[in-house]
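Give me the fold of what follows.
(one chain, ligands or ions: 1)
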Amino acid sequence: MFAPFSLPSNPDQKTIIREATTAETLDFCDVMIDHEEALTTKFLNTVQDKASYTDCAKWTAQDRRLALFWYWIHTTEDTHVDLDYTCPHCQKTHNHQFDMRDLASDYQEIQGKAERDLKFNSRRLLVTPLKGHHMETLENMRLGLSVHKTDSSHYLRLKADICVQALLFEISFTDDHEDDEGKRISSINNWVRELSETKFHQLQEKVSALQDEMIHGLPSTIRDGKIMLKSPKHICPNTKDKEVTTELLLPFRNYMRIPRI
Ligand SMILES: [Zn+2]
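As a prediction, this is how the structure comes out:
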């Protein structure tokens, strides 16, 4: 067992994970490596201590990244990352070396509850962070992008659908007293689709501002329905101006890993 950790979206909830066994690791090989969120659900539910278990599909995307990070730092000897990138300031290639453990110094617990009220277009909404099961659906949609050329109409349409779906997953009506969940989902779906285009963008901005208020976990950002960790800021060595920094987005899979055989 590793030391317990708190879920960043719900600090009262202590979670304990342990190292996976070889047999369990073989089971993770059933899941395609591209299905990172599906694999995350299977992995974290397997290595959780039974006494404190809660289904990680219901954790926020940031809770899940923290749990994977926790596992990784407890099972990895060399946590240094060596990264080449093209500098947006001077357009040259720089090398950024850092210890992944440094990410933990910018760790944040959520302020208040992991939900916010929003009044919009005479409706009352609840805004919540994206959960693991949402991330799995968005990931499945995103995998569909790979079969289309990036300038094709199918690609652009699917990308827009992902963006609308991500927003729909973040909101629900608090003034809808319908018991049937399917009906509630379809009514908010229709409501969003009937908003004027300018209202839709206003709604996106308001939801995004509330998500910023609820920042929690390791420094990260969700882009096109995918969560990426942010590297510690790197100063451009050519401009040597302390203000000129670059923050790199780290897809989890490239730097940390869920064990496989
Ligand atoms: Zn530079």
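
Name the residues of the stretch 101-250 of the chain found near the ion, please.
Contact residues (C-beta under 5 Å from the ion) of the stretch 101-250 of the chain with the ion: 236, 238. Every residue, glycine included, has its C-beta placed from N, CA and C.

At which residues are the strands of the stretch 101-250 of the chain located?
Ranges of strands in the stretch 101-250 of the chain, per DSSP state E, counting those that start in this stretch, are 116-120, 123-127, 171-173, 220-223, 226-230, 234-235, 245-246, 249-250.

phi, psi of residue 12?
When quoted as degrees, to the nearest 10, the phi and psi of residue 12 stand at phi -70, psi -20.

Just name the most buried of the strands of the stretch 101-250 of the chain.
A comparison of the strands of the stretch 101-250 of the chain by mean neighbour count, using mean count of other C-beta atoms under 10 Å, puts strand 226-230 on top with a mean of 20.

Could you export that one as PDB, CA atoms only?
Written as PDB, here are the backbone C-alpha positions of strand 226-230 (Å, rounded to 0.1, in the frame of the first residue of the first chain):
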ATOM      1  CA  LYS A 226      -8.400  15.500 -23.400                       C
ATOM      2  CA  ILE A 227      -6.700  16.200 -20.100                       C
ATOM      3  CA  MET A 228      -3.000  17.300 -20.300                       C
ATOM      4  CA  LEU A 229      -0.600  18.000 -17.500                       C
ATOM      5  CA  LYS A 230       1.200  21.400 -17.600                       C
END
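
can you pull the contacts of the closest residue to residue 120 other than its chain neighbours?
Of all residues not flanking residue 120 in the chain, residue 203 sits nearest, at 5.8 Å (C-beta to C-beta, 6 or more residues apart in numbering). Applying C-beta atoms under 8 Å, 6 or more residues apart in numbering, we find residue 203 in contact with 120-121, 167, 171, 192, 195.

gap between residue 203 and residue 125?
Going from residue 203 to residue 125 by C-beta to C-beta, to the nearest Å gives 9 Å.

which outside residues touch the helix or strand hosting residue 41?
Here residue 41 sits within helix 36-47, counting by DSSP states H and E. Outside of helix 36-47, the residues within contact range by C-beta under 8 Å, 6+ apart are 17-20, 24, 27-28, 31, 33, 53, 55-57, 59, 64, 67-68, 71, 132-133, 135-136, 138-139, 252-253, 258.

among these, which ones are buried?
Neighbour-count burial (16 or more other C-beta atoms under 10 Å) is assigned, among the contacts of helix 36-47, to 17, 20, 28, 31, 56-57, 59, 64, 67-68, 71, 132-133, 135-136, 138-139, 252, 258.

Tally up the residues packed near the residue of the stretch 151-261 of the chain found nearest the ion, please.
Per C-beta to the ion, residue 236 is where the stretch 151-261 of the chain lies closest to the ion, at 3.3 Å. Using other C-beta atoms under 10 Å, residue 236 is surrounded by 18 other residues.

Check the offset of stretch 173-192 from the chain's centre.
In terms of C-alpha atoms, centre = their mean, to the nearest Å, the centre of stretch 173-192 is set 25 Å apart from its chain centre.

which other residues reach that stretch?
With contact meaning C-beta under 8 Å, 6+ apart, stretch 173-192 is reached by 117, 123-126, 164, 167-168, 171-172, 200, 203.

run the last query once more with 7 Å
If you take C-beta atoms under 7 Å, 6 or more residues apart in numbering as the criterion, stretch 173-192 is touched by 117, 123-126, 164, 168, 171-172.

Among those residues, which pair sits farthest apart?
Across the contacts of stretch 173-192, the two members that end up farthest from each other (C-beta to C-beta) are 117 and 164, 21.9 Å apart.

Out of the contacts of helix 36-47, list just those in helices.
Among these, the members found in helices (DSSP state H) are 24, 27-28, 64, 67-68, 71, 132-133, 135-136, 138-139, 252-253.

What is the nearest of these to residue 110?
For the ones in helices among the contacts of helix 36-47, the nearest to residue 110 is residue 64 (14.4 Å; C-beta to C-beta).

wait, isn't the closest one in contact with residue 57?
No - using C-beta atoms under 7 Å, residue 64 makes no contact with residue 57, being 9.0 Å away.
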